[in-house]
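>>> I would like to see how this sequence folds:
(4 chains)
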There are 2 protein chains.
Amino acid sequence: MTTDALSRAFAALADPTRRDMVARLSEGDATVGQLAEPYRMTLQAVYKHLRVLEDAGLVSRPSGPQPRPVRLEAGTLDLMDTWIERHRRRVEQRYRRLDAVLAEMKGEKHGPDHGDSDRSRSEAAGHPDES
Amino acid sequence: MTTDALSRAFAALADPTRRDMVARLSEGDATVGQLAEPYRMTLQAVYKHLRVLEDAGLVSRPSGPQPRPVRLEAGTLDLMDTWIERHRRRVEQRYRRLDAVLAEMKGEKHGPDHGDSDRSRSEAAGHPDES
DNA sequence: GGTTCTTTAAACCATCAGGTTGAAAGGGTG
DNA sequence: CACCCTTTCAACCTGATGGTTTAAAGAACC
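Numbering: from 1, shown residues only, chains lettered A, B, ... in the order given. A predicted model of the protein is given here:
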């Protein structure tokens, strides 16, 4: 549907079977048959999963002779990684900043009020991106 | 729901609204009211989204006085990041190795066969982890 | 050209996910 | 206590998802 790339990508990896496929493909290309072997489901079901991974851009199927290989694409993994990393960093940065403030408070010990240190923590923010 | 942690986490981030929430929370804690403000949906719907994020371990709601804040938890982001990174690395490593082989072939130019370099690329692997 | 393997398609089913409405608890504060 | 805001619960609708079965194209190969 009109679902954006990131949504498709995350949704694709939300399924354990699909995640397992990606994990195995990260070791090397495989044919659909090889891929399907460990799972107790119809070949068609496997093709469906592959479809989802392909639509998400996580996997490609280079055309050529019949048993076409399935190949993991790093690009989309990169996208996801970037998104997560960005926000993970932001939180951890806040943690560190908070720790710093706490440490400082502990250091000075007595004077609890020296200016309008933070407060307002909850808003400020403007509106972020999501790009 | 016997769904594992990673599945819940990826599923949680597969929704644009939820991703936006996470993005905004990465800038700082917020109350549900503040969080809900930009969206054109019922408060109950927002609570539902929050529930999903909470069940996925992406968010916590420290108890205390009534308008309880919503706080982003870095731990689960870390888990996801680790998973993705691991596989992204594996693919890229394979890319590099392939490039190296190609470069070598180009370099030697004539003698194409000098030992059992790789082959077997598609299987070998045993069965990977997914840990 | 026929046989066999790979791949795509279609119809169908059960369950889940995002949203709504409506109602009810919880919890502060006048 | 009464009022108001926050939070949760339940029923319901709609559309997507993971599977299945059945059927039919497409490619390879003898």
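>>> what angle do the lengthiest helix in chain A and helix B:74-108 make?
Under DSSP state H, the helix in chain A containing the largest number of residues is helix A:74-108. Helix A:74-108 and helix B:74-108 are oriented at 130 degrees to each other (axes from the mean of the first three to the mean of the last three C-alpha atoms, to 10 degrees).
>>> touching, A:V59 and A:V52? I think so.
No: using C-beta atoms under 8 Å, A:V59 is not in contact with A:V52, being 9.2 Å away. The way it works is simple: take the backbone N, C-alpha and C, and place the C-beta from them, glycine included.
>>> looking at these two, which one has more neighbours?
A:V59 (24 against 16; other C-beta atoms under 10 Å in any protein chain shown).
>>> number of nearby residues for the closest residue to that one other than its chain neighbours?
Once flanking residues are discounted, A:V59 sits nearest to A:L53: 4.2 Å by C-beta to C-beta, 6 or more residues apart in numbering or on different chains. By other C-beta under 10 Å, the residues close to A:L53 number 27.
>>> now swap in A:L102 and tell me
Using other C-beta under 10 Å, A:L102 is surrounded by 10 other residues.
>>> report pLDDT for it.
Looking at A:L102, its pLDDT is 72.
>>> quick one: A:R18 and A:R51 touch, right?
No: counting by C-beta under 8 Å, A:R51 is not a contact partner of A:R18; they are 10.6 Å apart.
>>> okay, those two: which has more neighbours?
Counted by other C-beta under 10 Å, A:R18 and A:R51 do not tie: A:R18 has more neighbours, with 21 against 12.
>>> show me the contacts for that one.
Residues counted as contacts of A:R18 (C-beta atoms under 8 Å, 6 or more residues apart in numbering or on different chains) are A:A12, A:H49, A:V52, A:L53.
>>> state the distance from it to DNA strand C.
15 Å (C-beta to the nearest atom of the strand, to the nearest Å).
>>> how about the host helix or strand of that residue, does it get close to DNA strand D?
A:R18 is part of helix A:16-25, with elements assigned from DSSP states H and E. Yes: applying C-beta under 7 Å from any atom of the strand, one finds helix A:16-25 in contact with DNA strand D at A:T17.
>>> helix or strand next in line after that helix, which one?
strand A:30-31.
>>> do the strand ranked longest in chain A and DNA strand C meet at all?
Criterion DSSP state E: the longest strand present in chain A is strand A:69-72. No: judged by C-beta under 7 Å from any atom of the strand, strand A:69-72 and DNA strand C are separated, with a smallest distance of 7.8 Å.
>>> packing partners of that strand?
If contacts are counted by 3 or more C-beta pairs under 8 Å, 6 or more residues apart in numbering or on different chains; DSSP states H and E, strand A:69-72 sits against helix A:16-25, strand A:30-31, strand A:59-60.
>>> now these in CSV, with mean pLDDT?
CSV is the format used below for those (pLDDT from 0 to 100):
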stretch, mean pLDDT
helix A:16-25, 98
strand A:30-31, 96
strand A:59-60, 98
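>>> how about the residues of chain A by DNA strand C?
With C-beta under 7 Å from any atom of the strand as the criterion, chain A meets DNA strand C at residues A:T31, A:V32, A:G33, A:L43, A:Q44, A:Y47, A:L50, A:R61, A:Q66, A:P67, A:R68.
>>> repeat the analysis, applying 6 Å as the threshold.
Applying C-beta under 6 Å from any atom of the strand, we find that chain A lies next to DNA strand C at A:T31, A:V32, A:G33, A:L43, A:Q44, A:Y47, A:Q66, A:P67, A:R68.
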